[in-house]
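Trainee: Model the following, please.
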Amino acid sequence: MIEQGRASVLSEEGDYLLVDKPLGWTSFDVVAKIRGAYKRNGAKRKVGHCGTLDPRATGLLILATGRKTKTISSLELLDKAYEGTIRLGAKTVSHDTETEEYDLRDVSALDETAIRAAAASMIGEQMQQPPMHSAVWHNGKRLYELARQGHEVRERKARRIEVHRFEITGIELPYVNFFIHVSKGAYIRVIAHELGELLGVGGYLKSLKRVAIGQHQLSEAMSVEEVVDQITRAASAIEE
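Mentor: Numbering: from 1, shown residues only. Below is the predicted model of the structure:
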């Protein structure tokens, strides 16, 4: 269990911090903000993160500080759980809201049974190709950098993932709310796109929130501002 407290946040041994990443921030933005808070308070610390979240996703991000950064790879192996919304009846190149909609289709003929059956059919092991709009490296560049330059890498190496649970929690067409529990390395944007393909109308990821990494829950996380405040108060207590 990760414990967060004023006594440990400045420990030279380091700590794990559960942070609720805001919408629009990159995972590195969060790391830089926390690293800067340490520096301003006279306590330089290494800071790293586990499990990148896209800028358009929110939710649980685990940071490691100090010597704990050497052990963060063990956390990257953990399963992850998300809540989100898929927009059916349209596609985007990025499979999320980063790029414009195209190929709009009528979804009025879809029924709840078909949508739930399609989601259930995706449970289990599968090979998944990372999307072009992802942080995967290719010849020294991130795929999303190449995508934004108009390039496509067709030979993106597929990886084995597992969907443990894919539950439709609400339907208000063209939007479908869901909960999903997946293995390390799964791209939820790709799953959203594939669900749309299975239903014959297309789809993309409208919103996403990570609610768990292994046993660690979003409900246990602090906001970025709360972590910064905790570091500042801990440093002030030591000075007193």
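Trainee: So for the protein, the centremost residue is which one?
Mentor: Residue closest to the average C-alpha location in the chain (C-alpha atoms, centre = their mean): L53, at 3.3 Å.
Trainee: which regions of this protein sit below the pLDDT cut-off?
Mentor: Scanning the chain for pLDDT under 70 picks out 1-12, 131-144, 146-147, 149-156, 237-240.
Trainee: Okay, strands next: where are they in it?
Mentor: 16-21, 47-50, 57-65, 80-88, 91-92, 101-102, 124-128, 137-138, 141-142, 159-172, 175-182, 203-213, 216-217, 222-223 (DSSP state E).
Trainee: Within the sheet, what are the partner strands of the third one, with directions?
Mentor: Sheet pairing of strand 57-65 (DSSP bridges) gives strand 16-21 (antiparallel), strand 47-50 (antiparallel), strand 203-213 (parallel).
Trainee: Which one of those strands lies nearest to I34?
Mentor: Across those, the minimum distance to I34, taken as C-beta to C-beta, is reached by strand 47-50, at 5.3 Å. (C-beta placed from N, C-alpha, C; glycine too.)
Trainee: quick revisit: out of the strands of the chain, which gets nearest to L110?
Mentor: Taking those one by one with C-beta to C-beta, strand 80-88 is closest: 6.9 Å.
Trainee: Tell me which residues are up against that closest one.
Mentor: 51, 59, 107, 110, 115, 169, 173-182, 184, 186, 188, 192, 195-196, 199, 201-213 (C-beta atoms under 8 Å, 6 or more residues apart in numbering).
Trainee: and it with strand 203-213, angle?
Mentor: Taking axes from the mean of the first three to the mean of the last three C-alpha atoms, to 10 degrees, strand 80-88 and strand 203-213 form an angle of 160 degrees between their directions.
Trainee: Quick check on the contacts of strand 80-88: which are buried?
Mentor: With neighbours counted using 16 or more other C-beta atoms under 10 Å, the contacts of strand 80-88 contain these buried positions: 51, 59, 107, 110, 115, 173-178, 180-182, 186, 188, 192, 195-196, 199, 201-213.
Trainee: Of the strands of the chain, which is nearest K39?
Mentor: strand 47-50 (10.0 Å).
Trainee: what's around the closest residue to Q128 other than its chain neighbours, how many residues?
Mentor: Of all residues not flanking Q128 in the chain, I161 sits nearest, at 4.9 Å (C-beta to C-beta, 6 or more residues apart in numbering). Neighbour count of I161, defined by other C-beta atoms under 10 Å: 18.
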